[in-house]
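S.K.: Would you be able to build a 3D model of this:
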Amino acid sequence: MGYYIADLHIHSKYSRATSGHSDLDGLVHSAKLKGVNLLGTGDFTHTLWLAELEGKLEYKGDGIYHYRGVDFILTTEVSLIYSQAGKLRKVHIVIALPEIKYVKELNKELMKYGKLDSDGRPMLGMDIPTLMKIVVNTCEDAMVIPAHIWTPWFGLFGSNSGFDSIIEAFGEYADRITALETGLSSDPPMNWRLSCLDKYALVSNSDAHSPDNVGREANVFVKEMNYFEIKKALETKDREKFLFTVEFFPEEGKYHYDGHRNCNVSLKPSETKKLNGICPVCGRPLTVGVLHRVEDLADREEGILPENAIPYRRLVPLREIIAEAYNVGKGTKTVGNKYNDIVSTLGNEFHLLLEAPLKEVKRFLDPVVFQGIKNVREENLHIKPGYDGVYGIVRVFPEPVKQEKKIERRGLF
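M.R.: Numbers count the residues shown, from 1 in each chain. Sure, this is the predicted structure:
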């Protein structure tokens with residue numbers, strides 16, 4: 001079937017630590033390769049980016065803009081930094097608006113709290129209720145999505161600067177949240193352990209800082225939808241329209257488990273608790289990871305499936321599968337060439353990974369690449385969780401592929 005796939009949280013070239021290719025043409029090119037139909041613009045608070053959006057995007061109506069075959073919704077991410085209850089808070093919020101006129105109105109208000117052009121994701125000296133009041137007064141149809149809610153420093157529930165509950169953070173505006181973004185470091189099952197989150201739809205987005213990362217997480221809708229239909233589908237958790245999310249394997253995040261990198265100690269939260277949070281090697285406090293933070297706030301055991309929960313699919317990006325199959329880096333020319341050959345022949349990446357019949361795929365692919373895709377679909381993977389700043393490892397094959405296996409060819413590849 002044909003899906004309508006949306007990645008609502010990305011960044012432009014005007015955000016810090018982003019690729020210079022993250023302009024409209026670069027983002028659209030990547031979205032087409034991936035099979036993403038709808039992108040958030042990101043960074044609409046930045047004057048130069050907004051000017052590019054206004055000059056190039058065509059308004060289709062009902063909150064949807066268009067550029068060279070890809071739909072857009074106007075979005076931005078803001079970084080709120082303030083003190084509350086004697087603690088420094090740092091929280092990232094994604095905002096979406098249906099028309100540029102509302103963007104301009106909102107920017108006029110936000111510039112009172114920070115320099116909008118200093119970064120595509122501006123830092124604002126304001127608390128969440130103040131932001132919410134401004135956003136709601138600007139546009140009743142605004143969407144508000146707390147970003148990557150478990151990230152230690154910038155997530156709503158972050159262990160270092162976040163909150164223990166939504167009410168504590170949002171106050172009277174808790175009901176104005178459109179959805180919650182799980183982020184790369186958590187997936188829906190982790191969030192389902194908190195009953196207080198049941199009322200909110202969980203969305204997944206790439207937070208891409210380069211075109212290649214567009215769509216590494218995404219939201220899958222049953223058909224093409226406008227801004228207001230998407231907003232309603234999220235707010236009501238409409239399973240007939242909002243089909244599933246595409247997820248990273250959260251173990252790949254560099255703070256998934258607890259541990260000490262210098263001591264080569266990696267621990268599950270339960271193991272950390274048995275040790276009273278102390279490293280068994282050096283005797284110092286362990287670095288607490290995202291999974292531990294979830295455990296601290298959870299009121300359910302693992303394995304709970306809440307009523308009306310939106311399903312999910314976990315994937316490994318095609319470039320990573322190819323890189324492992326050929327035992328080379330994912331940024332190499334070999335991977336780039338193979339990737340382009342595959343998607344030009346078999347369709348976009350999401351089609352290949354999610355729905356293309358394996359019998360048809362097998363006829364055209366290198367046997368090792370095919371086996372990698374099959375392993376991902378079956379979640380037959382080998383995972384070593386990240387900890388204390390060390391990225392986790394998700395392997396499609398149990399061991400590095402030997403050269404003699406790679407030189408076999410079938411069909412075009």
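
S.K.: Would you mind stating the distance between K268 and E295?
M.R.: 9 Å (C-beta to C-beta, to the nearest Å). For every residue, glycine as well, the C-beta is placed using N, CA and C.

S.K.: Nearest spatial neighbour of R16, chain-adjacent residues omitted?
M.R.: Using C-beta to C-beta, 6 or more residues apart in numbering and skipping the chain neighbours, the partner closest in space to R16 is D119 (5.4 Å).

S.K.: what's the neighbour count on the one you found?
M.R.: Other residues lying near D119 total 20 when counted by other C-beta atoms under 10 Å.

S.K.: Which residues are in contact with it?
M.R.: The contact partners of D119, by C-beta atoms under 8 Å, 6 or more residues apart in numbering, come to Y14, S15, R16, H46.

S.K.: so which of those residues comes closest to C139?
M.R.: H46 (18.9 Å; C-beta to C-beta).

S.K.: show me where the stretch 301-413 of the chain has helices.
M.R.: 318-326, 333-346, 349-350, 358-362, 367-377, 403-406 (DSSP state H, counting those that start in this stretch).

S.K.: Which among those helices is found nearest to Y255?
M.R.: For the helices of the stretch 301-413 of the chain, the distance to Y255 is smallest for helix 318-326, at 20.1 Å, taking C-beta to C-beta.

S.K.: Can you list the helices and strands that the closest one packs against?
M.R.: Contact here means 3 or more C-beta pairs under 8 Å, 6 or more residues apart in numbering; DSSP states H and E; on that basis helix 318-326 packs against helix 333-346, helix 367-377.

S.K.: ok and the last one relative to helix 333-346, angle-wise?
M.R.: If I follow you right, that is helix 367-377. Angular relation of helix 367-377 and helix 333-346 on a 0 to 180 degree scale: 80 degrees, by axes from the mean of the first three to the mean of the last three C-alpha atoms, to 10 degrees.

S.K.: Could you list the alpha-carbon positions for helix 367-377 in CSV?
M.R.: What follows is helix 367-377 as a C-alpha-only set of coordinates in CSV (Å, rounded to 0.1, in the frame of the first residue of the first chain):
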residue,chain,number,x,y,z
PRO,A,367,22.7,-12.0,-1.4
VAL,A,368,24.4,-10.5,1.6
VAL,A,369,22.5,-7.2,1.3
PHE,A,370,19.3,-9.1,0.9
GLN,A,371,20.0,-11.2,4.0
GLY,A,372,20.7,-8.0,5.9
ILE,A,373,17.3,-6.5,4.9
LYS,A,374,15.7,-9.8,5.9
ASN,A,375,17.4,-9.8,9.2
VAL,A,376,16.2,-6.3,9.9
ARG,A,377,12.6,-7.1,9.1
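
S.K.: where's it relative to the chain centroid, distance-wise?
M.R.: Relative to its chain's centre, helix 367-377 lies at 24 Å (C-alpha atoms, centre = their mean, to the nearest Å).

S.K.: Ok, the first one next?
M.R.: Centroid displacement of helix 333-346 relative to its chain, using C-alpha atoms, centre = their mean, is 24 Å.
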